[in-house]
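Undergrad: Sequence and predicted structure below; questions after.
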Amino acid sequence: MQIKLYNTLTHKKEDFIPIKDDNISIYSCGPTVYSYAHIGNFRSYIFMDNLRRMFKYNGYKLNHVMNITDVGHLTSDADTGEDKMEKAARKEGKDPYEIAEFYTKAFMDDMEALNIDKPGIITKATDNIPEMIQMVKEILENGYAYETSKGIYFDVSKLDKYPVLSNNDLSGEEHGARIDVDPEKKNPYDFAIWIKAPENHLMKWDSPWGKSYPGWHIECSAMGRKYLGENFDIHTGGVDHIPIHHENEIAQCKGAFGHNPAKMWMHCEFLLVDGGKMSKSLGNIYTIKELQEKGTEPLAYKLFCYSSHYRNKLNFTFEGVKSAQTSLNRLREGYLKNLEADGDISDDKIAQYENRFHEAINDDLNMPLAMGVVWEVIRNEVKSKQFATLLEKFDEVLGLDLKNSKKYFDKEIEIPKEIKELIKQRSKAKEEKNWEQADKIRDEIKEKGYNILDTKNGVKVEKI
Ligand code: AMP
Ligand code: ZN
């Protein structure tokens with residue numbers, strides 16, 4: 001069945017024609033490991049997971065690379081500000097390599113909890129420095145870059161067209177933000193591909209241009225080329241990468257070897273919080289762990305992401321993920337009921353459901369439509385083992401670990417911190433014979449989705 005994917009480069013949905021018949025090459029921009037990844041970041045990796053799984057469902061093998069940015073990503077996506085890794089190292093009083101190791105592990109743990117199918121190659125920027133230096137040399141030799149006192153800058157005026165992805169004229173908002181007053185730059189949109197390190201900079205390497213470090217964009221260009229070659233099928237990232245990071249990756253590849261490396265560029269839209277941007281200053285950034293503490297499983301967050309197409313914005317609310325948790329529980333119940341049932345469903349009907357699901361995922365990963373088919377199967381009046389088998393097949397793409405549904409019901413429920421605290425307060429109120437207060441707290445706990453029962457072995461908590 002034909003796969004159609006939206007290509008940011010051509011601004012349309014295209015038939016996907018692989019470069020190699022049975023092996024799809026993908027490069028995904030990975031996390032910058034200076035802090036915990038937030039649920040917005042994970043929306044992009046859930047999209048990446050769906051893409052991988054959709055290809056596998058269609059019988060393809062994957063050659064997939066994701067990088068870990070552990071140096072060179074400055075506080076602005078362009079080339080101003082401090083290196084995020086160094087800033088975090090200073091703040092936490094640690095070595096930047098320790099910071100990278102710690103947050104890479106945290107990222108991988110969350111990937112695991114979200115049941116994200118990981119790329120075969122996951123590689124750190126700092127493990128690929130020689131390839132980056134080589135690429136900078138080539139760009140210089142080909143006349144697409146020049147040296148200043150701060151580093152090596154890409155000369156965008158040497159390109160036939162810039163930008164190519166964002167369709168922005170350079171006075172556009174995102175690019176306007178990049179205009180600075182560096183008098184050594186030939187054009188305002190020229191960007192650093194290699195940065196000379198100030199004396200106190202911790203992460204730096206010997207290079208033909210002195211002690212220095214890579215710019216964020218050259219990292220992905222060089223790693224993509226090293227692991228996938230100069231022509232690969234798909235490059236992925238979040239929409240914020242379109243105007244700067246990916247634009248500059250394409251520019252560098254043209255400078256080094258003459259062309260854009262990826263046939264398709266795919267981008268996941270943003271997760272918003274209460275309709276607005278997630279930002280540290282607004283205090284509305286949440287991690288997977290924080291959701292867990294509030295009683296939402298990582299897999300419920302994953303299911304929540306399927307309520308919107310990856311190219312549409314998705315608005316995060318706590319009510320939204322709470323209802324996704326209820327849906328996930330219903331999905332598991334439905335699967336288990338079918339697993340034990342012996343109703344007879346015609347092969348034709350099964351094939352119809354399967355076909356519609358397959359069409360939905362092949363149509364630019366239409367997960368909301370695919371979920372519609374899943375719910376029709378679950379709601380079917382006749383229950384059958386055949387449906388359970390079908391749901392297991394669908395789960396190859398959904399990645400919701402349906403096969404292990406029973407385990408999630410058997411598992412002792414994890415009680416969120418705030419509920420534990422309320423239970424403590426209620427016990428104290430009871431000790432003080434303040435029955436009114438104790439009842440009030442019980443109601444509050446109920447409102448938050450938990451029942452408490454007083455048994456002779458103590459307080460028992462149930463999820464409503
Ligand atoms: P970073 O670690 O900042 O490089 O970001 C990791 C990935 O998360 C990138 O692909 C970003 O485009 C993506 N991303 C960042 N914020 C959001 C958001 N609010 N919603 C969806 N994706 C995001
Ligand atoms: Zn990248």
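TA: Ah, there it is. Ligands and ions are numbered 1, 2, ... in the order given.
Undergrad: and the longest helix seen in the chain, how far out from the chain's middle?
TA: Criterion DSSP state H: the longest helix present in the chain is helix 318-339. Averaged C-alpha coordinates place helix 318-339 at 23 Å from its chain's average position (CA atoms, centre = their mean, to the nearest Å).
Undergrad: what comes up buried for the next helix or strand after that helix?
TA: Along the chain past helix 318-339, the next helix or strand (assigned with DSSP states H and E) turns out to be helix 347-362. Of all the residues in helix 347-362, those buried under the rule 16 or more other CB atoms under 10 Å are 349-350, 353, 357-362. C-beta here means a position set from N, CA and C on the backbone, and glycine is covered the same way.
Undergrad: Kindly report the same for stretch 375-394.
TA: 377-378, 380, 383-384, 386-388, 390-391, 394.
Undergrad: Just the residues contacting it, thanks.
TA: Here stretch 375-394 makes contact (CB atoms under 8 Å, 6 or more residues apart in numbering) with 330-331, 334-335, 337-345, 350, 353-354, 357, 370, 373-374, 402-403.
Undergrad: what does the stretch 201-350 of the chain have sitting close to ligand 2?
TA: residue 220 (CB under 5 Å from the ion).
Undergrad: and the stretch 201-350 of the chain, which residues reach ligand 1?
TA: When proximity is defined as CB under 6 Å from any ligand atom, the stretch 201-350 of the chain approaches ligand 1 at 237-238, 240-241, 268, 270-271, 278.
Undergrad: nearest to ligand 1, of the residues you listed?
TA: Of all these, residue 238 has the smallest distance to ligand 1: 1.9 Å, by CB to the nearest ligand atom.
Undergrad: on that earlier part again, the residues of the stretch 201-350 of the chain next to ligand 1 in strands, which ones?
TA: 237-238, 268, 271 (DSSP state E).
Undergrad: which of the residues in stretch 123-139 are buried?
TA: Applying 16+ other CB under 10 Å to stretch 123-139 flags 123-126, 128-129, 131-133, 135-137, 139 as buried.
Undergrad: and that stretch, how far out from the chain's middle?
TA: That offset, for stretch 123-139, works out to 24 Å (CA atoms, centre = their mean).
Undergrad: Run through who's touching that stretch.
TA: Contacts for stretch 123-139 (CB under 8 Å, 6+ apart): 65-72, 97, 100, 104, 145, 152, 154, 193-194, 203, 205, 207-208, 214, 218-219, 221-223, 225-227, 252, 255-257.
Undergrad: mind running it again at 6 Å?
TA: For stretch 123-139, the surrounding residues in contact (CB atoms under 6 Å, 6 or more residues apart in numbering) are 67-71, 145, 152, 193-194, 205, 207, 214, 218-219, 222-223, 226, 255-256.
Undergrad: Restricted to helices, list these.
TA: Per DSSP H, the contacts of stretch 123-139 map to helices at 218-219, 222-223, 226, 255-256.
Undergrad: quick one on the thing from earlier: of the residues of the stretch 201-350 of the chain next to ligand 1, which is the nearest to residue 43?
TA: residue 271 (4.4 Å; CB to CB).
Undergrad: For that closest one, which residues are in contact?
TA: 40, 43, 314, 316.
Undergrad: give me that answer again for 7 Å
TA: Residues near residue 271 by CB atoms under 7 Å, 6 or more residues apart in numbering: 39-40, 43, 278, 314, 316.
Undergrad: Identify the bridge partners of it.
TA: Residue 271 has these beta-bridge partners by DSSP bridges: residue 314.
Undergrad: any idea how far it is from residue 75?
TA: Remark: distance between residue 271 and residue 75 (CB to CB, to the nearest Å) = 21 Å.
Undergrad: Quick check: nearest residue in space to the residue of the stretch 351-464 of the chain at minimum distance from ligand 2, chain neighbours excluded?
TA: Using CB to the ion, residue 365 is the residue of the stretch 351-464 of the chain that sits closest to ligand 2, at 20.4 Å. Spatial nearest neighbour of residue 365, chain neighbours left out: residue 50 (5.2 Å); criterion: CB to CB, 6 or more residues apart in numbering.
Undergrad: In three-state terms, label the one you found for me.
TA: Under the three-state scheme (DSSP: H, G, I helix; E, B strand; the rest coil), residue 50 adopts helix.
Undergrad: That one contacts residue 362, correct?
TA: No - in this structure, residue 50 is not within contact of residue 362 by CB atoms under 7 Å, at 11.7 Å.
Undergrad: Check whether the helix or strand in which residue 47 is found comes into contact with ligand 2.
TA: Residue 47 belongs to helix 39-57 when assigned by DSSP H and E. No - applying CB under 5 Å from the ion, one finds helix 39-57 out of contact with ligand 2, separated by at least 11.4 Å.
Undergrad: Could you quantify the relative orientation of that helix and helix 318-339 as an angle?
TA: 30 degrees (axes from the mean of the first three to the mean of the last three CA atoms, to 10 degrees).
Undergrad: Closest to ligand 1 out of the ones in helices among the contacts of stretch 123-139?
TA: Nearest to ligand 1 among the ones in helices among the contacts of stretch 123-139, with distances taken as CB to the nearest ligand atom, is residue 219, at 11.1 Å.
Undergrad: For the closest one, give me its contacts.
TA: Residue 219 makes contact with 67, 69, 72, 125, 132 under the criterion CB under 7 Å, 6+ apart.
Undergrad: now it: how far from residue 101?
TA: The gap separating residue 219 from residue 101 is 18 Å, by CB to CB.
Undergrad: Then residue 344?
TA: Using CB to CB, one gets 55 Å for the distance from residue 344 to residue 101.
Undergrad: Report the mean confidence score over the strand or helix carrying residue 392.
TA: Assigning secondary structure by DSSP H and E places residue 392 in helix 385-398. For helix 385-398, mean pLDDT rounds to 98.
Undergrad: tilt between it and helix 39-57?
TA: Going by the same axes, to 10 degrees, helix 385-398 makes 120 degrees with helix 39-57.
Undergrad: and the angle from helix 385-398 to helix 347-362?
TA: Interaxial angle, helix 385-398 versus helix 347-362 (the same axes, to 10 degrees): 10 degrees.
Undergrad: can you give me how far helix 385-398 is from the chain middle?
TA: In this view, helix 385-398 has its centroid 24 Å away from the chain centroid, taken as CA atoms, centre = their mean.
Undergrad: I'd like the next helix or strand past it.
TA: As assigned by DSSP H and E, the chain's next helix or strand after helix 385-398 is helix 405-410.
Undergrad: Mind exporting the C-alpha coordinates of that following helix to PDB?
TA: The C-alpha coordinates for helix 405-410 follow below in PDB (Å, rounded to 0.1, in the frame of the first residue of the first chain):
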ATOM      1  CA  SER A 405      -2.500  -5.200  29.500                       C
ATOM      2  CA  LYS A 406      -3.100  -7.500  32.400                       C
ATOM      3  CA  LYS A 407       0.200  -6.500  34.100                       C
ATOM      4  CA  TYR A 408      -1.000  -2.900  34.300                       C
ATOM      5  CA  PHE A 409      -4.200  -3.900  36.200                       C
ATOM      6  CA  ASP A 410      -2.400  -6.300  38.500                       C
END
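Undergrad: That'll do, ta.
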